[in-house]
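S.K.: Following is a predicted model, sequence given first.
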Amino acid sequence: NASTDAKRQHTNNMFRSRSKTIKSNKSGIDMVFVLTVFVLFVCCLLASVLAFASVYKRLGDDIGKRFDTATAQTLILQKLRSYNDSDITVGKSGDTQYISFADTIDGEKYITYIYAYGGELKELFVSYDAPFSEDGGNTLLPAENFTAETDGRTICFTVTCDGVTTSSHYSLHGGKAVGV
């Protein structure tokens, strides 16, 4: 019986040893699987963050460009609304188109010009009889182009900032602005 017990013990030990080996390999395979899934998750997360950052940057740039153009348009429209129709004129000096606004302050006449020169939207405030000087104005915003023309009682102006162009029509009769 002792030899039978020894054989059984030996068989049990072999079985336990083999069982431990299978269990340890199984938990090793499980660990590799879990790590692989985790690494894939992190890679997908990183790819998503990078993709969204790119989209966010592009949208931010577009919004910034549109903001400058909308600000220039609003500034000019507010200036048009704040003056009587008879005090607003559209003109041209050389290649520079402008909108001018006449003022009377303490009995003295002045004129304000809005125009684009040197890549900037400018405002020039001078005495009424002073000549128009393109480089003398104060910079309002960066702007590549500004055009203004009148057709009867309507002023049409176009502003281009950062490659984005906007046009507006302003009716002098009723003082109502319409953006296009």
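M.R.: Done, it's in.
S.K.: How about the contacts made by the residue sitting nearest the centre point of the chain?
M.R.: Residue closest to the average C-alpha location in the chain (C-alpha atoms, centre = their mean): I63, at 2.1 Å. Listed by C-beta atoms under 8 Å, 6 or more residues apart in numbering, the contact set of I63 is empty. Where C-beta positions appear, they are placed from N, C-alpha and C, glycine not excepted.
S.K.: Go ahead and confirm K92 touches Y98.
M.R.: Yes. The pair K92 / Y98 is scored as a contact, 7.2 Å apart, by C-beta atoms under 8 Å.
S.K.: tell me the secondary structure for the residue nearest to the centre of the chain?
M.R.: Three-state assignment for I63 (DSSP: H, G, I helix; E, B strand; the rest coil): helix.
S.K.: can you give me the helices for this structure?
M.R.: Per DSSP state H, the chain carries helices over the ranges 2-81.
S.K.: distance of G107 from Y128?
M.R.: To Y128, G107 is 12 Å away according to C-beta to C-beta, to the nearest Å.
S.K.: Which one of those two is surrounded by more residues?
M.R.: More crowded of G107 and Y128, by other C-beta atoms under 10 Å: Y128, with 12 against 5.
S.K.: per-residue confidence for the residue nearest to that one when sequence neighbours are not counted?
M.R.: Take Y128 and drop its neighbours on the chain: the residue closest to it by C-beta to C-beta, 6 or more residues apart in numbering is K109, 3.6 Å away. Looking at K109, its pLDDT stands at 95.
S.K.: show me what contacts K109?
M.R.: Counted by C-beta under 8 Å, 6+ apart, K109 has contacts A102, D103, S127, Y128, D129.
S.K.: Could you report the pLDDT at the last one?
M.R.: Per-residue confidence (pLDDT) for D129: 90.
S.K.: what sits against it?
M.R.: So, once contact is read as C-beta under 8 Å, 6+ apart, D129 ends up touching K109.
S.K.: And it, how far from T112?
M.R.: D129 is 14 Å from T112, by C-beta to C-beta.
S.K.: and what of the fourth one?
M.R.: Using C-beta to C-beta, Y128 is found at 10 Å from T112.
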